[in-house]
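Peer 1: Kindly generate the corresponding structure for this input.
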Amino acid sequence: MTGIPPRSGRVPRPAVLVVDMVRAYTEPDGPFALPDPGPALAGCGALVDAARAGGHPVVWAVVRYPADLADGGLFVRKVPARAVFAEGATGDWGAIAPPLTPVPGETVVVRRYASAFLGTALAPALATAGVATLVVCGVPTSGCVRASAADARAAGFRPLVVRDACTDRTVGLHEGNLADIAATCADVVDLGEALARLSG
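Peer 2: Next up, the predicted model:
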């Protein structure tokens, strides 16, 4: 596949999905600490503010497990450090990273796996709210952001992944996955374009 991937067109009835922007990734001593989460965190905040100002839904996706990790399946076995998201785990690493915080009326999707759609009621909730386009931000680009964007497309939504409101362990990993996301399942846009579309 060569050239610039085609865009999906207009951005009707958007919502913002914030994926895993939690302390485990943003704190320097977090178990999944990213090298420079600040710009992506600020980008997520700007998208959330724009969505709220425009009257668009904001959805937060986080990982939670019971204390015994019984619902974690092979996902937890592959990455045992995910036990930090279990009920009663020390450190509160699963808390949404400040200064971000959901407000009353915003949906918090609790999931067990990478995609915000797998095993959750996110798709029917978005459909009921009249959402057609999902503006995706968060971390990591190569994991939960990518999985959520792919499943959003499969569920019939138009995903937009915001380049500078996501990040990963390395720049190469981030950029390589964005290129593949753009080629296969979502429009990749910069923050300014996303904000303009939310306000427009």
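Peer 1: Strands of the protein, start to end?
Peer 2: 14-19, 58-63, 107-111, 133-138, 158-166, 187-189 (DSSP state E).
Peer 1: Including mean pLDDT, could the ones you listed go into CSV?
Peer 2: Putting the strands of the chain into CSV (pLDDT from 0 to 100) gives the following:
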stretch, mean pLDDT
strand 14-19, 98
strand 58-63, 97
strand 107-111, 95
strand 133-138, 98
strand 158-166, 97
strand 187-189, 97
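Peer 1: Same list (those strands) but as JSON lines, adding mean neighbour count and distance to Ala86.
Peer 2: (Glycine included, C-beta is placed from N, CA and C.) Output for those, formatted as JSON lines (neighbours: other Cβ atoms under 10 Å; distance: least, Cβ to Cβ, whole Å):
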{"stretch": "strand 14-19", "mean neighbour count": "28", "distance to Ala86": "19"}
{"stretch": "strand 58-63", "mean neighbour count": "24", "distance to Ala86": "10"}
{"stretch": "strand 107-111", "mean neighbour count": "17", "distance to Ala86": "12"}
{"stretch": "strand 133-138", "mean neighbour count": "28", "distance to Ala86": "21"}
{"stretch": "strand 158-166", "mean neighbour count": "25", "distance to Ala86": "25"}
{"stretch": "strand 187-189", "mean neighbour count": "22", "distance to Ala86": "33"}
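Peer 1: Any idea which of those strands gets closest to Ala121?
Peer 2: strand 107-111 (7.9 Å; Cβ to Cβ).
Peer 1: now the strands of the chain in a markdown table, with distance to Cys144?
Peer 2: Shown next, in a markdown table, are those (distance: least, Cβ to Cβ, whole Å):
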| stretch | distance to Cys144 |
| --- | --- |
| strand 14-19 | 5 |
| strand 58-63 | 7 |
| strand 107-111 | 9 |
| strand 133-138 | 7 |
| strand 158-166 | 10 |
| strand 187-189 | 16 |
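Peer 1: quick one: least confident helix or strand in this structure?
Peer 2: Across the helices and strands of the chain, the lowest-confidence element by mean pLDDT, DSSP states H and E is helix 73-78, at a mean of 82.
Peer 1: buried ones in that one?
Peer 2: Going by neighbour count (16 or more other Cβ atoms under 10 Å), the buried part of helix 73-78 is Phe75, Val76.
Peer 1: mind listing what Ala123 touches?
Peer 2: Ala123 is in contact with Phe117, Ala155, Gly156, Phe157, counting by Cβ atoms under 8 Å, 6 or more residues apart in numbering.
Peer 1: For it, give its distance to Glu175.
Peer 2: 29 Å (Cβ to Cβ, to the nearest Å).
Peer 1: How about Tyr65?
Peer 2: For Tyr65, the distance to Glu175 (Cβ to Cβ) stands at 31 Å.
Peer 1: Neighbour count for the two, which is higher?
Peer 2: Of the pair Tyr65 and Glu175, Tyr65 is the one with more neighbours under other Cβ atoms under 10 Å, namely 22 against 13.
Peer 1: Surely the more buried one is in contact with Val76?
Peer 2: Yes: with contacts counted by Cβ atoms under 8 Å, Tyr65 reaches Val76, the gap being 6.9 Å.
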